[in-house]
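Visitor: Let me see the structure of the following:
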Amino acid sequence: MRNIQLLIVSIILSTSMLYARIAEEAFIKKHLIDDHLASILDKHSYKLERLLRKIHRTERQKNGVWRFKWLPGYYVKYNVNRIIQKELLDSAIKDHALDLIHTPEKYFYHIKGRPTELHSLNYVVISKDVRARTRDQEKRLSLEHAQQMTKAIETSGHCSTYAQNYLILPDGRVSFIDTDGTFANEISYKGLIRLLERDNLHRFGKAAREHIVSRIIARYPYLAPRRKNEALKFLAGWNRHNQIKNRTIRSQLYELLREL
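Guide: Have a look, this model is predicted:
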């Protein structure tokens, strides 16, 4: 009887692993670079493998971004999570019809001679370059922009919304260009907070800023105690330097700050 139980468990585990492998292969195939670009990359595959090995051994893996004259219009990047986490944002965009949010095209390129398992030593990410709008086109992001950005952040769990990680396209859409940071729903409020930090704040109009504040307030009851304290301290500091005109949001904020 014991042997039969062990056999059943073994079959279940083997089946689960098989399904996981099939799903992984389908995911890779969906995002694999086209044959034309692959043929260019094939000529430099050994060089790319050396770059991956070098960056993999360091603590500065976020620096694994390269541009080459032989691949114009694209970045070569370390970390396969860039595409996995881009999918989270893309799902949010599709599910909530976020027509003001954009992510750049990103593809896997398989390093010649490496295993086919999805791993950052086996694949590089090829990311299409996107251009920000010029200074002449610069305008502050609207309330609708803020509504769609906060929906994307809260739905996908995107936390690394630093100023350098997104840009504004000439057509007015917000492009989340860097998707190798932290994605975690339980701390997605950090993605909201970062939109209000000094480097980001100038990008938003007043109504947009107040909406972001309202979303942090809405997330507050669901945070762990330590997270609540962090959010409160940020809101208190932000409130000292920014006036909120919306009466409802102002009242909610003042009520929340009483907990300090």
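Visitor: what does whichever helix or strand Lys233 is part of rub up against?
Guide: Here Lys233 sits within helix 225-241, counting by DSSP states H and E. Contact with helix 225-241 is made by 187, 189, 193, 196, 213, 216-217, 219-220, 223, 253, 256-257, 259-260, as judged by Cβ atoms under 8 Å, 6 or more residues apart in numbering. Glycine gets a C-beta too; all of them are placed from N, C-alpha and C.
Visitor: For Leu18, report the pLDDT, please.
Guide: Looking at Leu18, its pLDDT reads 45.
Visitor: one step back: buried members of the contacts of helix 225-241 into PyMOL, please.
Guide: A single PyMOL command selects the buried members of the contacts of helix 225-241 (16 or more other Cβ atoms under 10 Å):
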select buried, resi 187+189+193+196+213+216+217+219+220+223+253+256
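Visitor: closest to Leu169 among the contacts of helix 225-241?
Guide: Proximity of those to Leu169 was ranked by Cβ to Cβ; the top entry is Leu196 with 22.0 Å.
Visitor: give me phi/psi at the closest one?
Guide: The phi and psi values for Leu196, taken as degrees, to the nearest 10, are phi -100, psi 0.
Visitor: these two touch, right, it and Arg209?
Guide: Yes. Between Leu196 and Arg209 there is a contact under Cβ atoms under 8 Å: 6.6 Å.
Visitor: these two touch, right, Tyr75 and Ile126?
Guide: Yes. Assessed by Cβ under 8 Å, Tyr75 is found in contact with Ile126 at 7.4 Å.
Visitor: between those two, which one's more packed in?
Guide: Counted by other Cβ atoms under 10 Å, Tyr75 and Ile126 do not tie: Ile126 has more neighbours, with 23 against 19.
Visitor: Shouldn't the more buried one be within a strand?
Guide: Yes. With DSSP: H, G, I helix; E, B strand; the rest coil as the criterion, Ile126 is part of a strand.
Visitor: For it, give me its contacts.
Guide: Contacts of Ile126 (Cβ under 8 Å, 6+ apart): 33, 37, 41, 71, 74-77, 106-109.
Visitor: Break the protein into its domains for me.
Guide: 25-128, 135-257 (automatic domain parsing).
Visitor: model confidence over the longest one, on average?
Guide: When you say that, I think you mean domain 135-257. 89.
Visitor: One more: the shortest one?
Guide: Domain 25-128 shows a mean pLDDT of 93 in the predicted model.
Visitor: Quick check: chain neighbours aside, which residue is closest to Arg203?
Guide: Leu141 (5.4 Å; Cβ to Cβ, 6 or more residues apart in numbering).
Visitor: That should have said Gln147, apologies.
Guide: Using Cβ to Cβ, 6+ apart, the nearest residue to Gln147 is His211, at 6.0 Å.
Visitor: Please tell me how far the one you found sits from Arg57.
Guide: 43 Å (Cβ to Cβ, to the nearest Å).
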